[in-house]
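>>> here are the coordinates; sequence isn't available:
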């Protein structure tokens, strides 16, 4: 982000320089006429320039401080805006009421319960700066199970986890867009032999997330969608130079790898 000094501040600075030059000229004339001694004149000019330098340095410091504060506020606002795009506020209370009206042990009742839990997580935990890896894992698990109930087709869905520290903190709703894309562009369009393999591991504050799925050859996955651009921007803001997001697209397979340094 490139910030420019406002026109008003530029005008004030130019006037300051002009006034300084005028004062220096006046001082030179007065001291030549009055004192006629080069030593005193040089000492005065040196002192004057020191004061001018201190004044300019202080002004520059204030401008830099103001720019940094503005940048931090802009990034914070932008991050909240990006997070709001993946946190729609559903009416989960209504879903809870529907849950109570449905027959016990029915698949529909189980779907409503899981969806309600996901909405609650999105609304309350998704607004936080950090959640635990365990919370994020449970959210993904609920989503996967909900999709398995939703799609009435045979598929190979695996979710492998190996987490040394379940309480490690991470930005919420970080992996969901990748999982959503795998179901949307993969399993949803395939008639048979669909698979989605997901892995989430954590060791020594390093998190590795991979997801691989196959897709219909005629429907190539889009690596430039709004959701992925959103994810990239969030990673840049929260994990600058501490993340790596890569895509590997073959003839009919799509793999995404995300690695994070979370401390």
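Okay, I see it. Keep in mind that what you see is a predicted model, and the values were worked out from it rather than measured.
>>> Check the offset of stretch 190-210 from the chain's centre.
Taking C-alpha atoms, centre = their mean, to the nearest Å, the mean C-alpha location of stretch 190-210 is offset from the chain mean by 21 Å.
>>> What residues of it count as buried?
190, 194-198, 200, 202, 207, 209-210 (16 or more other C-beta atoms under 10 Å). Glycine gets a C-beta too; all of them are placed from N, C-alpha and C.
>>> Show the model's pLDDT score for residue 217.
Reported pLDDT at residue 217 in the predicted model: 77.
>>> quick one: contacts for it?
Residues near residue 217 by C-beta atoms under 8 Å, 6 or more residues apart in numbering: 251-252.
>>> Residue numbering should commence at 5 henceforth.
Okay, using 5 as the starting number, the last item reads as residue 221.
>>> Looks to me like it is in a helix.
No: counting by DSSP: H, G, I helix; E, B strand; the rest coil, residue 221 is not part of a helix but coil.
>>> Sketch out the low-pLDDT regions of the protein for me.
5-52, 74, 77-78, 80-97, 223-228 (pLDDT under 70).
>>> residue ranges for the helices of it, please.
11-38, 42-89, 96-105, 111-124, 137-154, 180-189, 230-242 (DSSP state H).
>>> Number of residues surrounding residue 76?
Residue 76 has 10 neighbouring residues, counting by other C-beta atoms under 10 Å.
>>> State the distance from it to residue 128.
As for residue 76, its distance to residue 128 is 25 Å (criterion: C-beta to C-beta, to the nearest Å).
>>> same thing with residue 150?
19 Å.
>>> Next: residue 143.
From residue 143 to residue 128 the distance is 12 Å (C-beta to C-beta).
>>> Pick out whichever of these two has more residues nearby.
residue 143 (22 against 11).
>>> Quick check: that one touching residue 123?
No: here residue 143 does not reach residue 123: they are 10.7 Å apart, not a contact under C-beta atoms under 8 Å.
>>> Domain-wise, how is this structure divided?
11-89, 90-131, 134-265 (automatic domain parsing).
>>> what residue is smack in the middle of the chain?
Residue closest to the average C-alpha location in the chain (C-alpha atoms, centre = their mean): residue 238, at 1.7 Å.
>>> what separates residue 149 from residue 183, distance-wise?
In terms of C-beta to C-beta, residue 149 sits 12 Å off from residue 183.
>>> I meant to write residue 206 there.
Counting by C-beta to C-beta, the gap from residue 206 to residue 183 is 17 Å.
>>> contacting residues around stretch 110-125?
With C-beta under 8 Å, 6+ apart as the contact definition, stretch 110-125 has outside contacts at 94, 96, 99-100, 102-103, 106-107, 139, 143, 146-147, 149-150, 153-154.
>>> sorry, back to before: neighbour count for residue 149 and residue 183, which is higher?
Using other C-beta under 10 Å, the more surrounded residue of residue 149 and residue 183 is residue 183, with 21 against 15.
>>> Any idea how many residues pack against residue 233?
12.
>>> correction: residue 181
19.
>>> can you tell me which residues contact it?
Shown in contact with residue 181 (C-beta under 8 Å, 6+ apart): 90, 231-232, 234-235.
>>> give me that answer again for 6 Å
By C-beta atoms under 6 Å, 6 or more residues apart in numbering, the contact set of residue 181 is 231, 235.
>>> Bridged to residue 207, which residues?
On the basis of DSSP bridges, residue 207 is bridged to residue 210.
>>> Please determine how far it is located from residue 136.
Counting by C-beta to C-beta, the gap between residue 207 and residue 136 amounts to 16 Å.
>>> Could you do residue 106 as well?
For residue 106, the distance to residue 136 - C-beta to C-beta - is 31 Å.
>>> do residue 191 as well
28 Å.
>>> higher neighbour count, those two?
residue 191 (22 against 17).
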